[in-house]
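**Student:** Quick one: sequence and predicted model below, then my questions.
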Amino acid sequence: MIRAHSKSPSPQRSFHFYNQILHSQNLSPDNYTFNFLVRTCTQISSPETGLSIHAAVIKHGFETDPHVQSGLIHMYAELGFLDSSLSIFLKLPDPDLVSQTAMVSACAKSGEVDIARELFDKMPFRDPIAWNAMISGYTQSGRSREALRLFHLMQIDGVKVNEGTMVSVLSACTHLGALDQGRWVHVYIERNNIRMTVTLGTALIDMYAKCGNLGKAMEVFWRMREKNVYTWTSAMNGLAMNGAGKECLELFDLMKQEGVPPNEVTFVSVLRGCSVVGLVEEGREHFDSMSIVYGLEPRLEHYGCVVDLYGRAGRLEDAINFINSMPIKPHAGAWGALLNACKIHGNLKLGEFASRELVELELKNDGAYVVLSNIYADSRNWDEVSNVRKLMKNEGVKKVPGCSVIEVNGEVHEFFVGDKTHPRYSEIEVKLGEISRRLRLSGYVANTNPVLFDIEEEEKEDALCRHSEKVAIAFGLISLDEGIPIRIVKNLRVCGDCHDVTKIISKVYNREIIVRDRNRFHHFKNGDCSCRDYW
DNA sequence: CTAGGGTTAG
């Protein structure tokens, strides 16, 4: 009966059942009962019940049971009480491998990766799962580089790698946009006969799609025999990100035909697919179908997608009406989508309004200021541009520095705006000069509007030359052989000038350039971009 | 066979 309940879809009900055992006169709870109670508590995530269960564990003398111990460590971390996890752990006279791993994972999940690493280093023995816990701890904290470094240490140590390891390592490659290393992992999986589970296949699809190799992503997708909602959603998201909105929607139809029910995340991909190709009405229908057909409550991100859908298509009136009709309080994402639409379509008044709403919600939202100042700059309203700058200074808002990453020979190189710290910077500088000469020869005039500050034209052009993606592209041109596409991953959106310049570079240098920005992909080839300047 | 630690999509 207990086992039946452990797989119950309703934690609440199981919880009641266990409580009956706990308080029944004829039945005495054993360590199994407590183990399940603790784990169910973790699922329903209720701090009060957690505390009372812990008290009952102590009362019945099961504190020393290893299964219960690791469960409690896990539970407190999930409830947000890492200190309690730690104090349980530190009181254990002889914590076993599983409890140690649970503690490492608890720290990592609570954002204390460095403490996790200290514990990990102190472990007298580490099995593959312990390594996986630490590697995924880095990945989930956005420290992908360290994740990869640890993976290499794992191999040096001769520890057996399994599919869980590969999933985390692929996830690290995905975040870094490190296609070479991702490809290497794929080969490694095949050579070492690592079991191709649904999870691993999905991680591969996500990696290829987000590293700009959509063809390979879809190849893996079609080859997978077993697919779940994650698999379908990853593929659909990959298509949407790469501008293939129609194919994304076709896949959605196929998914439904195969009888896989979509979930909330799937609809984010569907709506993004509609948005990239401007299928406004179809997107709106999908949004409405969420609750009507699938019983899924649209969440803030879905509302944001619809605002984006209307906004990008230039239907600003519909966008603002939609925001005003939202049954929940619009979040920064909705206003941000509207603001972005105002920038694309040059609507000053609505843009001012949207950015005010945005700042009210998030005082330190740098995007609100930057985009607003870009809107003013587009209309050459330099006084307002400088006002926004002053405002940012007064409010202590700092613009997140742009950063572009490029992988060369399996090594990841990172460039910030105006970054001169790279060991080969002098060569890069020469290349940048050459690029700007060749661009001018081809009739290019810098689009200096996106520069935030009202500096002199010449300086502006200089600042534009230093945008991180340009530096990264210059480095790509000198370090990658002809014919090899240059792949860049950027943390922010590409600016209009960089977009123009990259198009021309792709033509003048006859080089394919693939840029993943914060939102989507731009495939530059022969002077054109796959986004058709609609982004 | 049967309880515990790790792994995928916005």
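**Tutor:** Yes, it's here. Small disclaimer: the values here were computed from a predicted structure and weren't measured.

**Student:** quick one: A:V265 from A:E301, how far?
**Tutor:** 9 Å (CB to CB, to the nearest Å). Quick note: C-beta positions are derived from backbone N, CA and C, even for glycine.

**Student:** typed the wrong thing, it's A:I504
**Tutor:** A:I504 is 35 Å from A:E301, by CB to CB.

**Student:** Also A:T266?
**Tutor:** Counting by CB to CB - A:T266 and A:E301 are separated by 12 Å.

**Student:** For the two, indicate the residue with more neighbours.
**Tutor:** Between A:T266 and A:E301, counted using other CB atoms under 10 Å, the more crowded position is A:T266 (24 against 15).

**Student:** dump the residue contacts of the residue lying closest to the more buried one once chain neighbours are set aside.
**Tutor:** Using CB to CB, 6 or more residues apart in numbering and skipping the chain neighbours, the partner closest in space to A:T266 is A:T233 (4.7 Å). Each residue near A:T233 by CB atoms under 8 Å, 6 or more residues apart in numbering is listed here: A:P262, A:N263, A:V265, A:T266, A:S269.

**Student:** can I get the residues you listed in a markdown table with distance to A:R126 and pLDDT?
**Tutor:** Shown next, in a markdown table, are the contacts of A:T233 (distance: CB to CB, whole Å; pLDDT from 0 to 100):
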| residue | distance to A:R126 | pLDDT |
| --- | --- | --- |
| A:P262 | 39 | 96 |
| A:N263 | 35 | 96 |
| A:V265 | 33 | 97 |
| A:T266 | 37 | 97 |
| A:S269 | 37 | 97 |
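
**Student:** so which of those residues also contact DNA strand B?
**Tutor:** Checking these against DNA strand B by CB under 7 Å from any atom of the strand, the ones in range are A:N263, A:V265, A:T266, A:S269.

**Student:** Assign a three-state SS to the second one, would you?
**Tutor:** Right, the one you point to is A:V265. Under DSSP: H, G, I helix; E, B strand; the rest coil, the three-state class of A:V265 is helix.

**Student:** Look up how far A:V229 lies from it.
**Tutor:** 8 Å.

**Student:** Please apply the same query to the first one.
**Tutor:** Per CB to CB, A:N263 is found 6 Å from A:V229.

**Student:** quick one: terminal-to-terminal distance for stretch A:219-231?
**Tutor:** 13 Å (CA to CA, to the nearest Å).

**Student:** That stretch near DNA strand B anywhere?
**Tutor:** Yes - contact between stretch A:219-231 and DNA strand B, assessed by CB under 7 Å from any atom of the strand, occurs at A:N228, A:V229, A:Y230, A:T231.

**Student:** and which of the residues you listed is nearest DNA strand B?
**Tutor:** A:Y230 (3.5 Å; CB to the nearest atom of the strand).

**Student:** List the buried residues in the helix or strand harbouring that closest one.
**Tutor:** For A:Y230, the enclosing helix or strand under DSSP states H and E is helix A:229-241. By neighbour count on 16 or more other CB atoms under 10 Å, the buried set for helix A:229-241 is A:Y230, A:T231, A:W232, A:T233, A:S234, A:A235, A:M236, A:N237, A:G238, A:L239, A:A240, A:M241.

**Student:** low pLDDT regions in chain A?
**Tutor:** A:1-27, A:446-465 (pLDDT under 70).

**Student:** just the strands in it please.
**Tutor:** A:403-408, A:411-416, A:486-490, A:513-516, A:521-525, A:528-529 (DSSP state E).

**Student:** Put together TSV for these, with mean neighbour count and distance to DNA strand B on each row.
**Tutor:** Below are those laid out as TSV (neighbours: other CB atoms under 10 Å; distance: least, CB to the nearest atom of the strand, whole Å):
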stretch	mean neighbour count	distance to DNA strand B
strand A:403-408	22	17
strand A:411-416	18	18
strand A:486-490	25	13
strand A:513-516	24	11
strand A:521-525	22	12
strand A:528-529	18	21
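
**Student:** so who does the closest residue to DNA strand B within the stretch 151-300 of chain A touch?
**Tutor:** For the stretch 151-300 of chain A and DNA strand B, the shortest gap (CB to the nearest atom of the strand) falls at A:G164, measuring 1.7 Å. For A:G164, the contact set (CB under 8 Å, 6+ apart) comprises A:P128, A:I129, A:N132.

**Student:** Give the full set of residues in contact with the first one.
**Tutor:** What it means is A:P128. Neighbours of A:P128 in contact, by CB under 8 Å, 6+ apart: A:V159, A:K160, A:V161, A:N162, A:G164, A:T165.

**Student:** likewise the second one?
**Tutor:** For A:I129, the residues meeting the contact criterion (CB under 8 Å, 6+ apart) are A:T101, A:G164.
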